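>>> how would this look folded up:
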Amino acid sequence: MWREWSTRFNRWRYDLYAPVYDKVAQGFARHRRRAIGLLNPQPDERVLLVGAGTGLDLDFLVRCRRVAAIDIAPAMLARLRERAGKLGMEVDARVMDGQRLDFPDGSFDAVALHLVLAVIPDPRACLLEVERVLKPGGRVVVFDKFLADGKRPPLWRRAGNALARAVATDINRRLGDIVAVTKLQPFHDEDAGFGGFLRIVLLRK
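Numbers count the residues shown, from 1 in each chain. You can find the predicted model right below:
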């Protein structure tokens, strides 16, 4: 029940944010470029964008011919479709819950999770679903904000997280705890800014 309510809330607020989302999220363009570069999707590989939003990742995927994009918010996907059209890309864009992917097992070669695991109500369920739809040997790139693995948030961060969660995101999730429920193997982990608050991590099935 809690997860369903949180998912509905996310749909509502991101539909509301859609007209101004790019102005805020465009500040992460270089991080998106870096993450997609590390993922290195090939033109004929099937690529999935989970929580694709308005499609800001598409700018770095123009050579890819088999891209699927999902988001919980229809208004965000409407803007993604407009962006895809301007880029001359055909994108399979669907309204879908990242915690319950409507794709067969082993459908994708590569998956991008950009600013998703800190927002989605159940990040473990999301990553388990990503693992399921990945082909053996498939790659996942995660770009997001995380608390360092094994650390407890200080009081100021716990207090700040209450406001952050109300607006958009949880700043106290640990990526190691999320990945631990899967068999995905990290093979690259880099500081993406603010002393490791932002991270880019590559995982392989």
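>>> Report the contact partners of Val62.
Leu87, Gly88, Met89 (CB atoms under 8 Å, 6 or more residues apart in numbering). Using the backbone N, CA and C atoms, a C-beta is placed for each residue, glycine as well.
>>> Any chance of the residues you listed in JSON lines with neighbour count, pLDDT and secondary structure as columns?
Formatted as JSON lines, the contacts of Val62 follow (neighbours: other CB atoms under 10 Å; pLDDT from 0 to 100; DSSP: H, G, I helix; E, B strand; the rest coil):
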{"residue": "Leu87", "neighbour count": "14", "pLDDT": "98", "secondary structure": "helix"}
{"residue": "Gly88", "neighbour count": "7", "pLDDT": "97", "secondary structure": "coil"}
{"residue": "Met89", "neighbour count": "19", "pLDDT": "97", "secondary structure": "coil"}
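>>> which among those residues gets closest to Lys205?
Of all these, Lys205 sits closest to Met89, with 25.6 Å by CB to CB.
>>> Where is the longest helix in the protein?
Ordering each helix of the chain by length in residues (DSSP state H) puts helix 2-25 first.
>>> Show me what that one is packed up against.
Counting contacts by 3 or more CB pairs under 8 Å, 6 or more residues apart in numbering; DSSP states H and E, helix 2-25 packs against helix 74-87.
>>> Please state the offset of the helix it packs on from the chain centre?
17 Å (CA atoms, centre = their mean, to the nearest Å).
>>> How about stretch 13-20?
A distance of 17 Å separates the centroid of the chain from that of stretch 13-20, by CA atoms, centre = their mean.
>>> Stretch 173-185 too?
14 Å.
>>> So what touches it?
Outside stretch 173-185, the residues that reach it (CB under 8 Å, 6+ apart) are 117-118, 123-124, 127-128, 131, 140, 142, 144, 146-151, 186, 199, 201, 203-205.
>>> Out of those residues, name the ones that lie in helices.
Reading helices off the contacts of stretch 173-185 with DSSP H, I get Pro123, Arg124, Leu127, Leu128, Glu131.
>>> Looking at strand pairing, list the partners for Lys145.
Beta-bridge partners of Lys145, counted by DSSP bridges, are Leu198.
>>> one step back: CSV please, covering the contacts of Val62 and showing distance to Ala75.
Below are these laid out as CSV (distance: CB to CB, whole Å):
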residue, distance to Ala75
Leu87, 19
Gly88, 23
Met89, 20
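>>> Identify, from these, the entry nearest to Leu49.
For the contacts of Val62, the nearest to Leu49 is Met89 (11.7 Å; CB to CB).
>>> Confirm for me that the closest one is in contact with Leu58.
Yes: the criterion here is CB atoms under 8 Å, and Met89 meets it with Leu58 at 6.1 Å.
>>> Quick check: neighbours shared by those two?
Shared contacts of Met89 and Leu58, defined by CB under 8 Å, 6+ apart, are found at Val67.
>>> any idea which of the contacts of Val62 is closest to Arg11?
Using CB to CB, those come closest to Arg11 at Met89, 24.5 Å.
>>> From Ala68, how far off is the closest one?
12 Å (CB to CB, to the nearest Å).
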